[in-house]
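Q: Take a look and give me a structure for this.
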Amino acid sequence: MGKSPPQNFHRIVHALATLQHFGVVVVAVGVRGVLRQKFFKPLQRQLQFIGGRVFLRNAVHAKVVRGFRGVQLLQLLKSGFGFHAHSVAGRNSFARVPWIARRRYLCGMGTLLAILRFTSARRLPARWPAKTLALWVLSAFALFGCLDETYIKEDRTDKRAKTLKLTHHVGGTQDCVLVNQGVWYVGFGSQLLVLEGRGKKIIRSEHATPSGEGGSITDLALWHGDLIGVISGDAVTRWDISAPLMPLLIDIVTSKELGIRPRSIRVVNNTLYIAGDGGIVRASDGEKFLAGESITSKVVETKFGLAVPVSRRVQLLENNKFIGAASSLEPLPASAGLPGGFAFALIGKEGATVGLMNAELREVVGEPIRGMFQKLTIANGRLWAIFDTEIVSWEMNSGKLELPVYTAVKGARDLSPLSDNLYAVTGSFGRGVFHLNADKDGEGDSFTDAVREPGRLEQALFDGRRVLAGSAEGFWLYPIRGKPTMSDKSVSLSTIPDIKVAMPWAEAQIEKGDGDPLTFDDGKSIHFKSANAEADWELPPNVFACVLASVDGELWVGHTDGITVLRSSSANDSATPSTGAPPTQESLVIVKRGELRLPGPVLWIYPLRTGQGAVWVSHFGGMGVAEFTPDEPSLQPVSKSSSSSTLN
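A: Here you go, the predicted model:
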C-alpha cells in the first residue's frame with residue numbers, strides 16, 4: 001500500500017473542491033486566452049492597476065491616468081482582448097486590458113484547482129500514474145502562458161508636431177541703462193530688468209517679447225513720463241512707469257508698422273524720433289525722413305534744422321544736405337561754454353576722435369582714442385566716451401576738455417548717473433557701480449557691486465556635456481541647461497565655426513561674396529549643391545550668416561539675428577518635406593522649418609547627443625539650448641501690438 005497524502009493536504013483539496021465548476025469554466029477561458037496571446041498580435045502597451053490608478057508606460061514617459069471616462073470604459077467592455085487607447089495615450093496604439101490580465105491569472109489557478117479535484121476523488125497510489133503527472137505539467141504550461149507579458153518591437157517615435165523653441169538661455173549683454181528716481185532700468189537681451197540701490201538684486205524682470213521671438217533692448221529714453229525702449233531691429237515699446245518698480249507694457253509698434261528696423265531713439269523738443277535701417281520716423285505722425293538709409297545714431301537739433309549722423313556724415317532730415325562730419329553727436333549743456341555746440345565722436349579704422357564742436361558743427365577740440373567706440377553721453381556736466389576696453393571722461397569748461405579720467409573696463413556699453421559721484425555701468429561684462437572720486441565706499445576711479453555675466457564670447461569648446469567659452473573678459477563653464485560659472489581655464493585653441501557642411505541631401509556653404517569689403521555681401525546667402533541640382537537661399541536684409549551645422553539631417557544657420565533651420569523639399573510639396581531625404585525631382589527646393597530671434601551673432605552651434613536640438617553660443621548674446629519641442633499652449637500673456645504706426 002502506498003502512503004496517503006498528509007491530512008492537511010486533503011483538507012486543502014476538499015476546501016478547494018467547491019470551486020470545481022468555477023475551475024473548469026476558467027480553464028476553458030484560459031485556453032482561449034492562451035490561443036489569443038500566442039496567435040494574435042501582442043499588445044503594444046501595458047496598463048497596470050495599482051490602487052485606484054492606472055499607469056501608462058511607454059518609452060517616452062509615464063503618466064498617471066486617474067480613471068477611465070465613460071467612452072473609454074465602453075470601449076474597454078466592448079473589446080474581448082484589448083482596446084484602442086487613442087483617447088488615453090494621445091496616439092494610435094493599443095493597450096493591454098488589465099482585467100483580461102487578471103482573468104489569465106485566474107485561469108491558471110482554475111486549471112490547478114480542477115486537477116486537484118480530480119486527483120483528490122480517490123486516495124493516491126504509491127506511484128502516481130503518468131497521466132496525473134502529465135496533467136500537472138500541462139497545467140503549469142497553461143499558467144505560464146497566462147502570465148506571459150512579452151513586449152514586441154514597436155515604433156515609439158513621437159509623431160506630434162514640433163516647433164523650434166528656446167528651451168534654455170544664460171548670459172548676454174546688458175546693452176543699455178537708464179536711472180530714474182533711483183530705479184535702474186536695464187536692457188538685458190529681450191528683458192527689461194528693474195533694480196534699485198546699487199543694482200545687485202533684480203526687483204522685477206519684464207519680457208518685451210517672448211523668448212526667442214525678438215531682439216535685444218538696446219536703447220531707452222523717457223517721453224511724456226513713460227519709458228520708451230528699442231527692441232533692436234524689431235519694435236519700439238512703451239512702458240507706464242507711474243509705479244517705478246512695476247513697469248507696465250502699454251504699447252508696442254513693430255518694425256513692419258514703422259516701416260523701418262529701429263536702432264535708436266531721441267526726444268527732441270518733446271518729440272520722439274526713431275532711427276534705424278530704412279530711415280527715420282517721427283513717432284507723433286509717422287512721417288519718414290532719409291528713406292532707405294541705415295542709421296544707428298540719434299537725431300539732434302542744429303541751427304540748420306534737425307540733423308543726424310549717417311555713417312560719418314551729418315545730414316539734414318529735410319533735404320539730406322551735408323552739414324558736417326561726425327559719427328555721433330550730443331548737445332552740450334550751457335556749462336560747457338559753447339552755446340549751441342555739440343560733443344562729437346568721429347569713428348576711424350583703429351579708434352575714434354572725441355571732442356567738441358561749435359554751433360556751425362566745426363571742430364573746436366578733439367582727442368584721438370584707440371579702441372572700438374560704443375557710446376558718447378553727457379552726465380553730471382562731464383563728457384563720457386565709452387570704448388570696448390576703457391571709459392574716458394572729461395570736465396568741459398570754456399569749450400575745452402579738462403582733467404581726463406581713463407578707466408580700464410572691458411565690455412562697457414552704457415552709463416547713467418546714480419549720484420554726483422556714482423554711476424551705473426552696464427555691458428557685456430554684466431553691471432556695476434563706478435566711483436568717480438574716493439568716498440566712504442571705495443577708492444576713486446574704481447568699481448563696486450559688480451554682477452558678472454557671460455556676455456562676450458569669442459572662443460568656445462564643447463565636449464558633449466559642457467561648453468567652455470569666453471574672451472579676455474573671462475571664461476565660463478556652461479553645463480547644458482545648467483548655471484554657468486566662471487572658470488580658471490581658458491581656451492587656447494577654439495573650435496572654428498563651420499562655413500561648409502555636408503548633409504544626406506546636399507552640401508551647404510556660406511557664400512563669400514565678391515571680396516570687396518565696401519559691398520557688405522559676405523555671408524548674405526547660403527549655396528546648396530546636391531547630386532542633381534543647385535540652389536541659393538538668401539538671408540534677410542542686413543543679416544549675415546556666421547556658422548553652419550548639420551543637426552538630424554537639417555541645416556542650422558547661425559547668423560547676426562539668431563538661428564534659422566532649413567531643409568529640403570520637393571518642388572510639389574514644400575509644406576511637409578521629409579527630413580534628411582533627398583528631393584524627388586531634379587530641382588532643389590529649400591524651405592524654412594523654424595527660426596529663433598536671438599542677440600547675435602551666433603558663432604557656434606553644437607548638435608545635442610539626444611537629437612532634435614543644439615547648443616548655441618553667441619558673440620554677445622550668451623549661450624543656450626534650442627530644440628524642436630511639441631506645441632503646447634502658452635500660459636504667458638503676450639501684449640498686443642499697436643494698431644497704428646505711431647506713438648502718441
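Q: Kindly state the beta-bridge partners for W604.
A: W604 has these beta-bridge partners by DSSP bridges: V617.
Q: how many other residues sit next to it?
A: 27 (other Cβ atoms under 10 Å). Just so you know, the C-beta spots here come from the backbone N, C-alpha and C atoms, and that holds for glycine as well.
Q: ok, it - contacts?
A: With contact set as Cβ atoms under 8 Å, 6 or more residues apart in numbering, W604 has these partners: A460, F462, A469, T495, P497, V547, G558, W616, V617.
Q: And for K400?
A: Taking Cβ under 8 Å, 6+ apart, one finds G337, L356, V365 in contact with K400.
Q: Pull up the gap between it and G337, please.
A: 8 Å (Cβ to Cβ, to the nearest Å).
Q: what about stretch 240-260, start to end distance?
A: With Cα to Cα, to the nearest Å as the measure, the first residue of stretch 240-260 is 24 Å from its last.
Q: Test my guess that Q612 contacts D552.
A: Yes. Using Cβ atoms under 8 Å, Q612 is in contact with D552, at 6.2 Å.
Q: Now S335: phi and psi?
A: When read as degrees, to the nearest 10, the backbone of S335 gives phi -70, psi -10.
Q: Skipping adjacent residues, who's closest to it in space?
A: G381 (5.3 Å; Cβ to Cβ, 6 or more residues apart in numbering).
Q: so the one you found touches G337, yeah?
A: No. G381 lies out of contact with G337 (Cβ under 8 Å); the separation is 11.3 Å.
Q: so what sits against both of those two?
A: M396.
Q: domains of the chain?
A: 7-146, 164-452, 495-621 (automatic domain parsing).
Q: Columns mean pLDDT on top of these, output as TSV?
A: Output for those, formatted as TSV (pLDDT from 0 to 100):
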stretch	mean pLDDT
domain 7-146	46
domain 164-452	95
domain 495-621	84
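Q: Out of the ones you listed, the one nearest L477 is which?
A: In terms of Cβ to Cβ, the element of these nearest to L477 is domain 164-452, at 11.2 Å.
Q: quick one: which of the contacts of W604 sit in strands?
A: A460, F462, A469, V547, G558, W616, V617 (DSSP state E).
Q: can you list these in a markdown table and add distance to E293?
A: Written out in a markdown table, the entries for the ones in strands among the contacts of W604 read as follows (distance: Cβ to Cβ, whole Å):
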| residue | distance to E293 |
| --- | --- |
| A460 | 35 |
| F462 | 40 |
| A469 | 36 |
| V547 | 30 |
| G558 | 28 |
| W616 | 32 |
| V617 | 33 |
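Q: circling back: looking at the domains of the chain, which is closest to W476?
A: Closest among those, using Cβ to Cβ: domain 164-452, at 7.1 Å.
Q: how far does that closest one stretch from start to finish?
A: For domain 164-452, the end-to-end distance is 29 Å (Cα to Cα).
Q: Touching, D514 and K524? I think so.
A: No. Counting by Cβ under 8 Å, K524 is not a contact partner of D514; they are 10.5 Å apart.
Q: When the two are compared, which one has more neighbours?
A: Set side by side, D514 and K524 show more neighbours around K524, with 21 against 10, by other Cβ under 10 Å.
Q: Surely that one touches E538?
A: Yes. Assessed by Cβ under 8 Å, K524 is found in contact with E538 at 6.8 Å.
Q: Can you list phi and psi of S255 for me?
A: phi -60, psi -30.
Q: ok, for it, nearest residue in space, not its chain neighbours?
A: In this structure, S255 finds its nearest non-sequential neighbour in R261, 4.8 Å apart by Cβ to Cβ, 6+ apart.
Q: follow-up on the earlier one: as TSV, the domains of the chain with distance to P484 would be great.
A: Converted to TSV, the domains of the chain look like this (distance: least, Cβ to Cβ, whole Å):
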stretch	distance to P484
domain 7-146	29
domain 164-452	5
domain 495-621	11
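Q: partner residues bridging G613?
A: Going by DSSP bridges, G613 forms beta bridges with E627.
Q: quick one, what contacts it?
A: Here G613 is in contact with T167, V551, P607, V625, A626, E627, F628 (Cβ under 8 Å, 6+ apart).
Q: Please name the bridge partners of W384.
A: T377, S393.
Q: L415 versus that one, what's the distance?
A: Going from W384 to L415 by Cβ to Cβ gives 6 Å.
Q: what's the answer for V299, then?
A: Using Cβ to Cβ, V299 is found at 21 Å from L415.
Q: got the residue ranges for the helices in the stretch 101-250 of the chain?
A: 130-146 (DSSP state H, counting those that start in this stretch).
Q: And the strands in it?
A: 162-170, 174-180, 183-188, 191-196, 202-207, 217-223, 226-231, 235-240, 248-254 (DSSP state E, counting those that start in this stretch).
Q: partners of the fourth one in the sheet?
A: In other words, strand 191-196. strand 183-188 (antiparallel), strand 202-207 (antiparallel).
Q: For it, output the C-alpha coordinates as CSV.
A: Provided in CSV are the C-alpha atoms of strand 191-196 (Å, rounded to 0.1, in the frame of the first residue of the first chain):
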residue,chain,number,x,y,z
GLN,A,191,14.2,91.5,-20.9
LEU,A,192,13.8,94.8,-19.1
LEU,A,193,15.4,94.5,-15.6
VAL,A,194,14.2,96.7,-12.8
LEU,A,195,16.7,97.3,-10.0
GLU,A,196,17.2,99.8,-7.2
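Q: Need the nearest residue in space to R609, chain neighbours excluded.
A: Here the residue nearest R609, using Cβ to Cβ, 6+ apart, is G464, at 5.9 Å.
Q: With F475 instead?
A: Spatially, and ignoring its direct neighbours in sequence, F475 is nearest to S487 (4.9 Å; Cβ to Cβ, 6+ apart).
Q: What of S327?
A: I347 is the one closest to S327 (Cβ to Cβ, 6+ apart), at 4.3 Å.
Q: and what of P497?
A: Excluding the flanking residues, the one nearest P497 by Cβ to Cβ, 6+ apart is V547, at 3.8 Å.
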